[in-house]
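Novice: Generate coordinates for the sequence data below:
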Amino acid sequence: MFKKLITLCLVGMVSAATMAAGIEVSKDAPSSYTVRKGDTLWDISGLYLTNPWQWPKLWQQNPEIKNPHLIYPGDVLRLTWQDGKPRLTYTAGVNRSESAPINSASASILRQYLTYDTLIDEREYNLAPRVLGSQDGWNYISMRTPFFANKELDSDDWFIYRTVTNFEREKGDAVVRMISLKKVGEAKKVRSIDDMSEMKLVRQNQEIKPNDILLPALGVKTGEIFHPQPAPQGLVGTMVGHLYGSNYVGHRQIVVVDLGSFDGVGAGHALSVIVPGAAMKGSTGDMEYDSGINTALASEAKLLPSSSAGKLLVIRSYPFFSLAMVVDADKPLKVDMPVISAEG
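Specialist: Numbering: from 1, shown residues only. Next up, the predicted model:
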């Protein structure tokens with residue numbers, strides 16, 4: 001019953017957020033700004049807007065520019081007003097060919113979490129090859145030690161991962177489960193022997209252990225360029241955990257939320273992390289806090305208003321989960337906090 005009351009309260013917040021569709025320009029918004037290397041779209045949006053995810057409402061496409069969505073270091077942004085409404089345009093810089101367009105999050109974060117698989121579904125996890133061990137019987141395998149995998153591998157280049165934790169989401173009568181992984185090394189196949197493969201480490205972040213899993217090496221990538229924008233309205237989900245298992249997270253750390261492409265969530269979408277209001281029980285004049293309202297008290301139960309504790313920016317979505325970066329937080333955020341669509 002307590003969870004149902006919280007859900008109803010969050011739905012109310014979502015409905016109110018849907019109505020708050022106005023755009024509020026920051027008091028310190030510059031009339032012009034030259035984009036610098038290392039800038040992110042989220043940071044630039046924050047220069048101009050109280051709510052950075054409202055970027056698409058402020059941005060105006062320049063028809064004379066081939067791809068007006070891409071902004072490069074050296075481009076000059078200009079804020080003007082037309083009929084009392086703000087409008088942001090830009091003039092392309094002269095050295096665009098020498099740099100890459102900026103993205104919503106920092107390049108280093110995107111490289112770290114998008115270049116490698118960090119979250120895989122349970123089926124793929126169970127089918128993945130595993131490290132068996134070395135001929136010397138060592139529990140920790142280093143660069144000097146050849147080791148063996150439990151399957152004949154087709155590809156030559158492999159990444160090695162260690163299991164960190166798993167995340168679950170109920171979907172009808174089924175439970176969808178994904179496992180988070182931390183990359184610990186890279187290896188190359190030396191030869192195949194019967195139903196095994198001999199491997200050699202070429203790079204390692206830490207010692208390799210038996211039962212670590214192997215996935216085919218990926219080419220360097222940072223994902224598509226994406227822009228801050230509000231997530232589809234009406235979403236209610238949960239920040240189910242930190243990618244690497246911490247109970248509390250802060251600015252620029254990566255979390256997992258139980259909303260994905262199935263729910264309409266994609267890279268660039270902004271979500272609000274919510275602190276549910278305290279629950280009260282009892283009758284008028286005799287109210288007290290209650291951490292678990294029961295059915296008998298439901299008619300007299302009251303839930304105080306919820307509040308926003310921070311914002312998340314989705315950097316990668318899977319069918320039923322997403323990876324998101326904490327881009328704003330008043331205090332450390334705790335695992336299992338509710339999330340809703342950021343106000344439009």
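
Novice: Please identify the buried residues of the lengthiest strand in the chain?
Specialist: Looking across the chain with DSSP state E, the single longest strand is strand 174-193. Buried residues in strand 174-193, counted by 16 or more other CB atoms under 10 Å: 176, 178, 179, 180, 181, 182, 183, 184, 185, 186, 187, 189. For every residue, glycine as well, the C-beta is placed using N, CA and C.

Novice: Closest to residue 160 out of these?
Specialist: Distance to residue 160, by CB to CB, is smallest for residue 185 among the buried residues of strand 174-193, at 4.3 Å.

Novice: was I right about residue 184 contacting residue 201?
Specialist: No: under the criterion of CB atoms under 8 Å, residue 184 is not in contact with residue 201, lying 10.0 Å apart.

Novice: wait, what's in contact with the residue nearest to residue 330 when sequence neighbours are not counted?
Specialist: Among residues not flanking residue 330 along the chain, residue 309 sits closest, at 5.9 Å (CB to CB, 6 or more residues apart in numbering). Residue 309 makes contacts with 273, 274, 275, 329, 330, 331, 333, 337, as judged by CB atoms under 8 Å, 6 or more residues apart in numbering.

Novice: Show me the two of the residues you listed that sit farthest apart.
Specialist: The distance between the two most remote of the contacts of residue 309 (CB to CB) is 13.3 Å, for 274 and 331.

Novice: any idea which helix or strand comes after the helix or strand of the chain with the lowest mean pLDDT?
Specialist: Using mean pLDDT, DSSP states H and E, the weakest-scoring helix or strand in the chain turns out to be helix 2-19, at a mean of 44. As assigned by DSSP states H and E, the chain's next helix or strand after helix 2-19 is strand 32-34.

Novice: how close does the residue nearest to residue 330 get to residue 325?
Specialist: 15 Å (CB to CB, to the nearest Å).

Novice: One more: residue 314?
Specialist: Relative to residue 325, and taking CB to CB, residue 314 is found at 8 Å.

Novice: hey, where'd the helices end up in the stretch 101-250 of the chain?
Specialist: 107-114, 122-127 (DSSP state H, counting those that start in this stretch).

Novice: neighbouring contacts of the last one?
Specialist: Judged by CB under 8 Å, 6+ apart, the contacts made with helix 122-127 from elsewhere in the structure are 163, 166, 177, 178, 179, 213.

Novice: Give me the buried positions along the helix or strand containing residue 45.
Specialist: If you go by DSSP H and E, residue 45 is part of helix 41-48. By neighbour count on 16+ other CB under 10 Å, the buried set for helix 41-48 is 41, 42, 43, 44, 45, 46, 48.
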